[in-house]
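Chemist: I would like the atomic coordinates for the input below:
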Amino acid sequence: MLPIRSHLAATFAVAGVFMAGPAFAQASGCGDAQKFLTERQSLIQQINKLGGGGKKKTVDPRAACGIFTKLVSNGSVGLKWLETNKVWCQVPDEFAKGLEEDHKRAVEMKGKACSAAAKLAEMEKQAKKQQQQGGGLLGGGGLTGSYTMPKGAL
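Modeler: Now for the predicted structure:
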């Protein structure tokens with residue numbers, strides 16, 4: 001009778017390992033959230049640095065556009081992960097709602113920053129074109145806003 005019990009115990013032990021395999025795999029999926037949350041925190045710190053830490057500082061829209069593009073991509077990954085793992089990983093509804101709202105704001109800010117970057121690029125292109133044609137303010141370069149003073153007696 002003892003050998004049968006040991007075989008049954010071994011069988012249940014092996015079955016337990018195989019049944020726990022998917023649980024371990026999904027539990028490690030819960031750890032994936034840490035990756036995109038760490039990246040998201042880093043991107044938000046970069047955005048805060050662009051703003052000058054509360055000081056009145058002009059933000060370069062080209063740099064902001066790039067960072068917001070990465071933030072939106074990160075948010076899309078986070079929302080996809082949330083959709084797949086919210087129940088299994090027991091993610092609170094408040095966290096899910098907050099991530100969705102942050103993602104919407106990031107998409108909106110990305111649109112504004114990238115639009116401003118495109119306008120800035122267009123204005124620079126136009127100014128360079130005017131400078132090449134020699135038609136800036138009072139005949140000076142349009143890009144710098146300076147003009148040359150005539151030399152000699154007037």
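
Chemist: and Lys35, how close does it get to Val91?
Modeler: 15 Å (Cβ to Cβ, to the nearest Å). Yep, even glycine has a C-beta here, placed from its N, CA and C like the rest.

Chemist: sorry, slip of the keys, the one I care about is Leu43.
Modeler: Using Cβ to Cβ, one obtains 20 Å as the distance from Leu43 to Val91.

Chemist: and those two? which has more neighbours close in?
Modeler: Of the pair Leu43 and Val91, Leu43 is the one with more neighbours under other Cβ atoms under 10 Å, namely 20 against 16.

Chemist: the more buried one and Asn74 touch, don't they?
Modeler: Yes - between Leu43 and Asn74 there is a contact at 6.3 Å, judged by Cβ atoms under 8 Å.

Chemist: does Lys112 count as helix, strand or coil?
Modeler: Following DSSP: H, G, I helix; E, B strand; the rest coil, we place Lys112 in the helix state.

Chemist: report pLDDT for it.
Modeler: Predicted confidence (pLDDT) for Lys112: 93.

Chemist: setting the sequence-adjacent residues aside, check what's closest to Ser76.
Modeler: In space, not counting the residues next to it along the chain, Ser76 is nearest to His103; the distance is 7.4 Å by Cβ to Cβ, 6 or more residues apart in numbering.

Chemist: quick one: residues contacting Leu99.
Modeler: Contact criterion Cβ atoms under 8 Å, 6 or more residues apart in numbering gives Gly75, Gly78, Leu79, Leu82 as the residues in contact with Leu99.
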